[in-house]
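Chemist: got a predicted structure plus its sequence, pasted below:
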Amino acid sequence: MLKELKEALKLIQFDKEVISSIVGRKSATSYGFLILFAIPFISIFIVALNYSSGIGAMFSRFRFWPLMIPFISLSIVYFLESFYLKKLFKIKINYLGLFRVLSHASLVFAVIILFFVLNLFEFRLGDNFLNILFYSAFTFVFVFNYRFLDLVFNLKQKDLYTVIFLSVFSYFIVNLILGDLLVGSSYRLFF
């Protein structure tokens, strides 16, 4: 696992050798899911420590799902992006390869864990700061995604923008649908 984290850090720095290694390695898929879902689980666990009911508070639908839904949405969008590339631009693409790279790049979302650790120690920064951290990481992943698609598929700039726009738009739609299904009308796109 430590090796995967080191590789994810190199990937974030856009190391082309590491990128090509992760695209083709099957074990990177499970580590990609682990990276994507460990971040919200650790965050939820830290949030639960603030409550007198402890770990039991972790599974409240108003605490659990609002932190999980963005990451579930991201994983769905990573696969949707492969679909867009295949159907719109007739690119022969490895769905899992794209997922592996983008899920490893999602390690940047680990900065939100810092937010919850600071809250645990009564250093309150407010939900707006959490939104800034989350959407900064979100922007980083999609800028990385743009560079990755440009490197691997040599698409025209207009086509790259189209894929990124469709992916971001899909993220918000999937996020809203999952939020409405799992949390209800109280779910918001922002924390």
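Modeler: Received, thanks. Numbers count the residues shown, from 1 in each chain.
Chemist: neighbouring contacts of whichever helix or strand Ser103 is part of?
Modeler: Ser103 belongs to helix 95-105 when elements are defined using DSSP states H and E. Contact with helix 95-105 is made by 4, 7-8, 11-12, 19, 22-26, 28-29, 31-33, 35-36, 74-75, 78-79, 81-83, 85, 140-141, 144-145, 148, as judged by Cβ atoms under 8 Å, 6 or more residues apart in numbering. Just so you know, the C-beta spots here come from the backbone N, C-alpha and C atoms, and that holds for glycine as well.
Chemist: next SSE after that helix?
Modeler: The helix or strand immediately downstream of helix 95-105 is helix 111-120, counting by DSSP H and E.
Chemist: ok, and what's touching that next one?
Modeler: Under the contact criterion Cβ under 8 Å, 6+ apart, helix 111-120 has outside partners 39, 42-43, 46-47, 49-50, 124-125, 129-130, 133-134, 136-137.
Chemist: can you flag which of those belong to helices?
Modeler: Among the contacts of helix 111-120, the members found in helices (DSSP state H) are Ile39, Ile42, Ser43, Ile46, Val47, Phe129, Leu130, Leu133, Phe134, Ser136, Ala137.
Chemist: contacts only, for the third one.
Modeler: What that stands for is Ser43. Neighbour list for Ser43: Leu67, Ile112, Ile113, Phe116 [criterion: Cβ under 8 Å, 6+ apart].
Chemist: for burial, what's the neighbour tally of the nearest residue to the last one once chain neighbours are set aside?
Modeler: With Cβ to Cβ, 6 or more residues apart in numbering as the measure, Ile46 is the residue that lies nearest to Phe116, at 4.1 Å, once sequence neighbours are left out. For Ile46, the number of neighbouring residues by other Cβ atoms under 10 Å comes to 18.
Chemist: what's near enough to touch Ile46?
Modeler: Neighbouring residues of Ile46 by Cβ under 8 Å, 6+ apart: Ile113, Phe116, Val117, Asn119, Leu120.
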